[in-house]
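[1] Mind looking at a prediction? Sequence and model below.
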Amino acid sequence: MVEGGRRGGGGGQELERAPTRVDADPEERVLTGLMEGFPSSLSEAKRVRPGLLRARIKREDLYDSCRLLRESLGFEHMSMISAVDYPDRFEVVYHVSSYQNNMTLELITTTPKDDPKVDSVSDIWGGANWQEREAYDLMGITFEGHPKLERILMLKDTLYHPLRKDFRG
Amino acid sequence: MWINMGPQHPMTHGLWNLRIKVDGETIVDAEPEVGYLHRGIEKICENRTFTQVIPITDRLCYGSSMSWSHLYCRSVEDLMGLEVPPRAQYIRVAVLEMQRIASHLMWLAAYAADLGMMAGFIYGMRDREVFVDLLQDLTGSRLTYNYPRVGGVSHDVPPGWDKDALRACDYMEQRLREYEDIYEGSKIFMMRNVGVGVLKRDLAMNLGVTGPPMRASGAKYDLRKDRPYEAYDEMDFQVCSRTEGDCFARYRVRMDEMWESCRIIRQAVQKMPKGEWRVVAPRNAPAGTGVAMVEDPRGEGMMYVVGDGTDRPYRLKIRSPIFVTVSAAPQFLVGYKIADVVAIMGGLDMCIGENDR
């Protein structure tokens, strides 16, 4: 039996919370930070419910805004990358989470149908690596700058992207 | 030299391949290969109505199917803007924690077998039956329950079920003490676990590692506590975490979580209010999106559902926690010996069904 092996909390440090001023709640600060950084390409930035924000960004500024989120606004964790095939466009939806501020930001970017390409954020968050590969594999979105953009779930020699709406099996 | 551990290997618990590059006995690089069990669940769901999707999401992971169908129902409730009645919330908390214990016990059993303790395997599988039986009393099936519904749960708990649940918790707490003696009293188990597969806290966060592996690395974050859903904000429990970040810490976090799950089941069953257990959900969802995140036994489970006004989801994206966790395998493995691979990868609780979807 190891000392301290028994239960009882077992240590683990509290996450340090971001320094907050009384007049600035973290969600407001993230929204203003994004709007000041990217005034022309950010739109529809709003709070959906407590703990969930939503914003749209043009794809040219996606990488820079993600870097801002990671380095200045305290978003440590890329939760989920989803690609959606709409009739007139592809949407790539990034759910980015902040442990210290306890919130999630839904960052939506669109790409045209004939040029499904966005910048890779896998060097900002390591957790984005495989999720971008999955989006490439199943939806055919190209992530520029990804270290290894290969198929991951389907076979290597598959010729189609099965989650596209025009795919007929 | 590259070595393939898998797709048919006792370590893998299903079909996946871990390629490791070795220099002598030391691992210098690693690369997991997944996709052997890809069934295209996201695509299948686009051709089913919202209710028909529930049994399919059960099949994401046979070890914790309740948490997946619950997560799906939550995301659709978010899309439709439904409020779940209080009794359904308490029932959901109770069954989710039972599922968590059953899932952790299956991990514990498989982990013991990986490390050469067949006694641990038999014990874990035996006591998992207690909770599987409870869920069978409630839902009629052992593994894939099809129990949560959009707007609540499918039916009320049977009479006397609460007493069975309390008795199962008493039994489980005795057993947990016994497990701790068996496992931590085994010198071989400790030698293969302590100080093996260390992952630092900041790296774990950046790599998207969630759930017990992240909490074992020192990050005290649990969606049940920090962003409570259902009735978790009315439950009294602790977030279990450790600072070491090695295999032993991951084992310890899961054991502590089973203790806390027993506490939560007791509270949920005893405090369960009377009333409705389901509201009728509309057939068609509005155009829009819904997102839900829950603390799955393996980490942060998320679903993103897009509705287009019909009775089918336009798109359903599933975030599997273990898919992201296993992508961090090189950081867990590099620098350790080949013999440690089984302990490190076994300690992550790999589940191929939800990984490959």
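    Looks like it arrived, so ask away.

[2] now residue 165, what's its secondary structure?
    I went with chain A, as the question did not name one. With DSSP: H, G, I helix; E, B strand; the rest coil as the basis, residue A:165 sits in coil.

[3] Can you look at chain B instead?
    helix.

[4] separation between it and residue B:274?
    Distance, residue B:165 to residue B:274, by Cβ to Cβ, to the nearest Å: 17 Å. C-betas here are computed from N, CA, C, even on glycine.

[5] neighbour-wise, which of the two wins?
    residue B:165 (24 against 8; other Cβ atoms under 10 Å in any protein chain shown).

[6] Disregarding residues adjacent in the polypeptide, which is nearest to that one?
    Residue nearest to residue B:165 in three dimensions, not counting chain neighbours: residue B:269, with 4.9 Å by Cβ to Cβ, 6 or more residues apart in numbering or on different chains.

[7] I'd say the one you found and residue B:94 touch.
    Yes - using Cβ atoms under 8 Å, residue B:269 is in contact with residue B:94, at 5.6 Å.

[8] neighbours around residue B:164, how many?
    Neighbours of residue B:164 (other Cβ under 10 Å): 17.

[9] Check residue B:228 too.
    Residue B:228: 14 neighbours (other Cβ under 10 Å).

[10] So what does it have for phi and psi?
    Dihedral angles of residue B:228 (phi, psi; degrees, to the nearest 10) stand at phi -60, psi 140.

[11] Now do the contacts for it.
    Residues counted as contacts of residue B:228 (Cβ atoms under 8 Å, 6 or more residues apart in numbering or on different chains): none.

[12] helix, strand or coil for residue A:109?
    Here residue A:109 is recorded as strand under three-state DSSP.

[13] is it in a bridge, and if so with what?
    Beta bridges link residue A:109 to residue A:92, judged by DSSP bridges.

[14] and it, how many neighbours?
    There are 21 residues near residue A:109, going by other Cβ under 10 Å.

[15] So out of everything in chain B, what residue is nearest chain A?
    Using Cβ to the nearest Cβ, residue B:208 is the residue of chain B that sits closest to chain A, at 2.1 Å.

[16] Make sure that residue is indeed in a strand.
    No - going by three-state DSSP, the assignment for residue B:208 is coil, not a strand.

[17] give the contact list for whichever residue of chain A sits closest to chain B.
    Using Cβ to the nearest Cβ, the point where chain A gets nearest to chain B is residue A:127, with a distance of 2.1 Å. Applying Cβ under 8 Å, 6+ apart, we find residue A:127 in contact with A:77, A:78, B:206, B:207, B:208, B:209, B:324, B:327, B:328.

[18] Could you rerun that using 7 Å?
    By Cβ atoms under 7 Å, 6 or more residues apart in numbering or on different chains, residue A:127 lies in contact with A:77, A:78, B:206, B:207, B:208, B:324.

[19] Dump those residues to JSON lines, plus neighbour count.
    Converted to JSON lines, the contacts of residue A:127 look like this (neighbours: other Cβ atoms under 10 Å in any protein chain shown):
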{"residue": "A:77", "neighbour count": "25"}
{"residue": "A:78", "neighbour count": "27"}
{"residue": "B:206", "neighbour count": "20"}
{"residue": "B:207", "neighbour count": "27"}
{"residue": "B:208", "neighbour count": "29"}
{"residue": "B:324", "neighbour count": "27"}
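
[20] Turn those residues into a markdown table, including pLDDT.
    Shown next, in a markdown table, are the contacts of residue A:127 (pLDDT from 0 to 100):
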| residue | pLDDT |
| --- | --- |
| A:77 | 89 |
| A:78 | 89 |
| B:206 | 88 |
| B:207 | 89 |
| B:208 | 87 |
| B:324 | 90 |
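
[21] how about the residues you listed in JSON lines, adding distance to residue A:161?
    Formatted as JSON lines, these follow (distance: Cβ to Cβ, whole Å):
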{"residue": "A:77", "distance to residue A:161": "27"}
{"residue": "A:78", "distance to residue A:161": "22"}
{"residue": "B:206", "distance to residue A:161": "28"}
{"residue": "B:207", "distance to residue A:161": "26"}
{"residue": "B:208", "distance to residue A:161": "23"}
{"residue": "B:324", "distance to residue A:161": "21"}
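
[22] Please identify which two of those are farthest apart in space.
    B:206 and B:324 (11.2 Å; Cβ to Cβ).

[23] hmm, back to that, read off the pLDDT value for the nearest residue to the residue of chain B closest to chain A once chain neighbours are set aside.
    Distance criterion Cβ to Cβ, 6+ apart; nearest residue to residue B:208, sequence neighbours excluded, is residue A:127 at 2.1 Å. At residue A:127, the model reports a pLDDT of 87.

[24] Quickly find the element holding residue 70.
    This is for chain A. helix A:62-71 (DSSP states H and E).

[25] look at chain B instead
    helix B:65-80.

[26] chain center to that helix, what's the gap?
    From the chain centre to the centre of helix B:65-80 is a distance of 15 Å (Cα atoms, centre = their mean, to the nearest Å).

[27] Need the residues that contact that helix.
    B:50, B:53-54, B:57-58, B:60-61, B:84, B:92, B:95-96, B:99, B:143-151, B:229, B:281-282, B:285-286, B:288-292, B:294, B:296-297, B:301, B:303, B:305, B:307, B:354.
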